[in-house]
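[1] need a structure here:
(chains A and B)
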Amino acid sequence: MRFFLVLSLLFFVLGCSFERKDDKDQANKKLKYWCAPNPEEIELAKILVDKWNRLHPEIQVEVQPLPAGQSSEEVLLSAIAGRTTPDVCSNIWPGAISEYTKAGGLVALDEFEDFDSLVNARRIPVELLESFKSGDGHIYQLPWKTNPIMLLYNVKIFKEAGLERPPRTYSEFFEACEKIKQLGIFPGYTDIRPIWWQRFFDFYPFYIASSGGKTLFKGENFDIDYNSAVKVFEFFRTCFKMGYFPITNFQVDPFLTGKVAMRFTGPWTIAYLERNKPDGFEYDFAPIPVPNDHQGKVYTYGDPKNIAIFSTTKYKREAWEFVKFLVSEYSDSLLLEICNQLPIRGDLLENRKFTGYFNRNLKMKVFAQQTPFTRGIDSGVEMKEIFDAISREFEACAVYGVKSPEEAVRNLIKRSKIILEWSK
Amino acid sequence: MVKMSKVDSKAGYFMVMPYLIYFAAFIAYPLIFSFILIFHRWNIVTPMEFIGLKNFVRLFKDELFFKSIINTLIFLSIHIPLQIVIALFFANLLNKQIKFRSLFRALYFLPVVVSSVVVTILWQQMYAYETGLINQVLSGFGFKKIPWLVSPEIAMPSIAVMATWKNVGFYIVLFLAGLQSIPNELYEVAEIDGASSFQKFYRITLPLLNPTVVLVIVLSTIGGFSLFIEPYILTGGGPLDSTLSAMLYIYNQAFYFNHMGYAATLGFFFALVILVVVIAQRKFIEREVY
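    Predicted coordinates for the structure are as follows:
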């Protein structure tokens, strides 16, 4: 008898608690948001989420930095496999999108009725938005921020070498290198390790610039611009062969210590240089050099990171409202102020909300001017292995000079085709 | 009587159960699963996709995989002879009546029991171009620094030397056991006949050690084919893919690019290569001894 009494009491207590939990769920929808794990973006995410939670007591958001792992892409893939994805994530690399969609992990954002109006309000360039479209014609990522790769140079060394302005073409670049070399300084530097993502800072931005804004794919087909790729390999081959770039890696930043006069990097370097630069150190940015016969605007790699909603979300509509908040003018101005990263929007330099920031940060203005002329990464499959193949050819042709540029591009095409044929 | 034997056999099954469970979970299941993977494309996340023989089509077009096999063979061609010569030399020394013999035997075996990762990191620091101990000593004697791990020509031999240092202790023990099994009478007779030390070694020791030599060659071939930790930590497969071993390439395909099916295909193919090489070695080296 006592046993049944205890059992019924237990059922009663549990029943009450479940009921209460359901009520709580109804009244308070919870979303989980993963941001990039760097301190600036965590700070930004916390401020934005605090504000959102105050404005929307019925939809509470919990922010969490992306869990530690070898890369964000691996963490997200594992999360999709384990169905432990957040509702929203703002560190989506477009090159991995096809793997996420293939796994059925993402919500198509263009199916929300106000998607077009949001994109129009941000004045995102049409061709840039098109480049984020997946193979099935849907858009699973909202363009959020960009970090265009540009030429960083040491102003003082340039003056000492008698250079009045940064080089615009390959010939000007080599002339500048010759003058800087005479000072006993390495004119330029790029990391020679054959790691796939390292090519986002040398081969890929130079290829986009040289080809006038082309990426590696047309639709689902590998369609590298042969001549442009040859020119870029030739350019880097000359840099290493002539001793303009050292074939070594440095323990301490060679640009800050004045051992190297030029590098290729993004706007995040400004905060780093400002924190660590010695007294009197002057630097500036310029567009990526292009072949001598280049016509038109100079494009570069934009290193975009986008926002996505995962299909595990219980509250699709609410997650979309939160995403809209993340890309509002208010959030974008905080992205600039706190992270020194550029929102992907067409009105960066015209919108009054951002004027103050760019007047205070003149160097960021150079990047903002470059923003409309950036390209991302194709959302095709096997991007990681294709960039790995580029890295191998870069090492063989440019760094060690054991292959001609033509041979390197032919090998790259051959290997990419084998990889893609297999993956179809 | 019949009843008794039935009870016994049930108890027997129960007794071997731990091994059967171990075999099923860690040998049979992974093997069968890998075999199934050969015909599939699978990146762990998306469902497995049947692709027939596509993995094999890619394998036969994959120049990098064949380069990695050639790299592994280059490694073996340096590592195995070096290992045999050094192991035999030290086994001979340690077989003689010398002072601190037990201490030396233990010392030579020490690298075998130390973690490969620790040994590799240690050698990485010794091989460093600018700050490495070996180059500092060379510079001290007025020699040029050697790009141990940065030169595509020298990197693989450097790894082979390191691997030999790590494993030689194990083979010394094998050779010691082999040497001790040679009857002393044979040497005594040879001495009476006036044989020199070299003749005794060449005519008695070496032929009678043939089974041990075969064992050492087979074991170090199989061990050498699974070369992974050293290039993974020291060079990552570079420079110019000169130290990209087949195992490292298979690992990259599986866990770097998430191509589980393709990696399983490479794994089975590579196992076949090892089998062929080992059979060939036994055919050409193994001799009847008395």
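[2] Which parts of the chain are strands?
    No chain in the question, so chain A it is. Counting by DSSP state E, one finds strands in chain A at the ranges A:29-35, A:59-65, A:88-92, A:142-146, A:150-154, A:186-188, A:217-218, A:221-222, A:260-265, A:283-286, A:300-301, A:305-309, A:342-343, A:374-375.
[3] Hmm, no, I was thinking of chain B.
    Under DSSP E, chain B gives strands at B:40-41, B:49-50.
[4] Spell out which residues of the stretch 301-424 of chain A are next to chain B.
    A:382, A:384-385, A:388, A:392, A:395-396, A:400, A:402, A:415, A:418-419, A:421-423 (Cβ under 8 Å from any Cβ of the partner chain). Quick note: C-beta positions are derived from backbone N, CA and C, even for glycine.
[5] Can you tell me which of the strands of chain B is nearest to chain A?
    Proximity to chain A, assessed across these by Cβ to the nearest Cβ, is greatest for strand B:40-41 (7.4 Å).
[6] burial count for residue A:423?
    By other Cβ atoms under 10 Å in any protein chain shown, the residues close to residue A:423 number 19.
[7] And residue A:203, by the same measure?
    Neighbour count for residue A:203, taken as other Cβ under 10 Å: 23.
[8] out of everything not next to it in sequence, what's closest to it?
    Once flanking residues are discounted, residue A:203 sits nearest to residue A:394: 5.4 Å by Cβ to Cβ, 6 or more residues apart in numbering or on different chains.
[9] Kindly provide the whole-number mean pLDDT of stretch B:221-237.
    Stretch B:221-237 comes out with an average pLDDT of 90.
[10] Check stretch B:81-90 too.
    Mean pLDDT, computed over stretch B:81-90, is 93.
[11] OK, contacts around residue B:27?
    Neighbouring residues of residue B:27 by Cβ atoms under 8 Å, 6 or more residues apart in numbering or on different chains: there are none.
[12] ditto for residue A:89
    A:33, A:34, A:35, A:66, A:76, A:307, A:308, A:310.
[13] which regions of chain A sit below the pLDDT cut-off?
    Along chain A, the parts satisfying pLDDT under 70 run over A:1-27, A:69-70.
[14] if we can go back for a sec, generate a PyMOL selection restricted to the buried entries among the residues of the stretch 301-424 of chain A next to chain B.
    Buried members of those, defined by 16 or more other Cβ atoms under 10 Å in any protein chain shown, are picked up in PyMOL with:
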select buried, chain A and resi 382+384+385+388+392+395+396+400+415+418+419+422+423
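[15] closest to residue B:139 among the residues of the stretch 301-424 of chain A next to chain B?
    Taking Cβ to Cβ as the measure, residue B:139 lies nearest residue A:400 of these, at 24.6 Å.
[16] Name the nearest residue to the closest one, sequence neighbours excluded.
    Leaving aside its sequence neighbours, residue A:400 sits nearest to residue B:240 (Cβ to Cβ, 6+ apart; 5.7 Å).
[17] quick one: the closest residue to chain A within the stretch 51-200 of chain B and residue A:223, what's the gap?
    Ranked by Cβ to the nearest Cβ, the top residue of the stretch 51-200 of chain B for proximity to chain A is residue B:58, at 4.3 Å. Residue B:58 sits at a distance of 21 Å from residue A:223 (criterion: Cβ to Cβ, to the nearest Å).
[18] More neighbours: those two, which one.
    Neighbour totals were compared for residue B:58 and residue A:223, and residue B:58 leads with 21 against 14 (other Cβ under 10 Å).
[19] what's the closest non-adjacent residue to the more buried one?
    For residue B:58, ignoring the flanking residues on the chain, the nearest one in space by Cβ to Cβ, 6+ apart is residue A:422 at 4.3 Å.
[20] cool, residue B:83 as well?
    Closest residue to residue B:83 apart from its sequence neighbours, by Cβ to Cβ, 6+ apart: residue B:164 at 5.1 Å.
[21] what's near enough to touch the one you found?
    If you count contacts by Cβ under 8 Å, 6+ apart, then residue B:164 has B:79, B:82, B:83, B:86 around it.
[22] my read: the third one touches residue B:216, true?
    Okay, so that is residue B:83. Yes: using Cβ atoms under 8 Å, residue B:83 is in contact with residue B:216, at 7.3 Å.
[23] Mutual contacts of the two, please.
    Common neighbours of residue B:83 and residue B:216 (Cβ under 8 Å, 6+ apart) are residue B:171.
[24] the more surrounded of the two?
    residue B:83 (26 against 22).
[25] just the residues of the stretch 151-300 of chain A that are near chain B, which are they?
    Residues of the stretch 151-300 of chain A found near chain B (Cβ under 8 Å from any Cβ) are A:193, A:194.
[26] In the stretch 151-300 of chain A, which residue sits nearest chain B?
    Counting by Cβ to the nearest Cβ, the stretch 151-300 of chain A gets nearest chain B through residue A:194, at 5.7 Å.
[27] Quick check: that residue touching residue A:392?
    Yes: using Cβ under 8 Å, residue A:194 is in contact with residue A:392, at 5.8 Å.
[28] shared neighbours of those two, anything?
    Counting by Cβ under 8 Å, 6+ apart, nothing touches both residue A:194 and residue A:392.
[29] Who's the closest spatial neighbour of residue A:172, skipping the chain neighbours?
    residue A:289 (6.9 Å).
[30] check contacts around the one you found.
    Here residue A:289 is in contact with A:151, A:167, A:168, A:169, A:170, A:172, A:173, A:206, A:209, A:235 (criterion: Cβ under 8 Å, 6+ apart).
[31] And for residue A:116?
    Contacts of residue A:116 (Cβ under 8 Å, 6+ apart): residue A:110.
[32] Return the distance of it relative to chain B.
    30 Å (Cβ to the nearest Cβ, to the nearest Å).
[33] now residue A:53
    Distance from residue A:53 to chain B, by Cβ to the nearest Cβ: 32 Å.
[34] okay, now the nearest residue to that residue once chain neighbours are set aside: neighbour count?
    In space, and not counting its chain neighbours, residue A:53 is closest to residue A:60: 5.5 Å by Cβ to Cβ, 6+ apart. Residues lying near residue A:60 (other Cβ under 10 Å) number 13.
[35] again with the one 5 residues further on
    A count of nearby residues for residue A:65, using other Cβ under 10 Å, gives 15.
[36] And residue B:246, how close does it get to residue B:41?
    21 Å.
[37] list the contacts for the closest residue to residue A:204 other than its chain neighbours?
    Of all residues not flanking residue A:204 in the chain, residue A:301 sits nearest, at 5.0 Å (Cβ to Cβ, 6+ apart). Going by Cβ under 8 Å, 6+ apart, residue A:301 touches A:148, A:149, A:200, A:204, A:205, A:208, A:374, A:375, A:376, A:377.
[38] gap between residue A:364 and chain B?
    Distance, residue A:364 to chain B, using Cβ to the nearest Cβ: 35 Å.
[39] Go ahead and confirm that residue touches residue A:356.
    No: applying Cβ under 8 Å as the test, residue A:364 and residue A:356 come out as separate, 11.9 Å apart.
[40] Could you check which of these two has the larger neighbour count?
    Each of residue A:364 and residue A:356 has its neighbours counted (other Cβ under 10 Å); residue A:364 has more, 20 against 12.
[41] ok, the more buried one - contacts?
    Neighbours of residue A:364 in contact, by Cβ under 8 Å, 6+ apart: A:267, A:270, A:336, A:340, A:342, A:357, A:358.
[42] Chain neighbours aside, what residue packs nearest to the first one?
    I take that to be residue A:267. Counting by Cβ to Cβ, 6+ apart, the residue nearest residue A:267 is residue A:367, at 4.5 Å.
[43] how close does the one you found get to chain B?
    Distance from residue A:367 to chain B, by Cβ to the nearest Cβ: 32 Å.
[44] For that residue, give me its contacts.
    Residues in contact with residue A:367 (Cβ under 8 Å, 6+ apart) are A:147, A:148, A:150, A:266, A:267, A:285, A:342.
[45] Perfect, that will be all.
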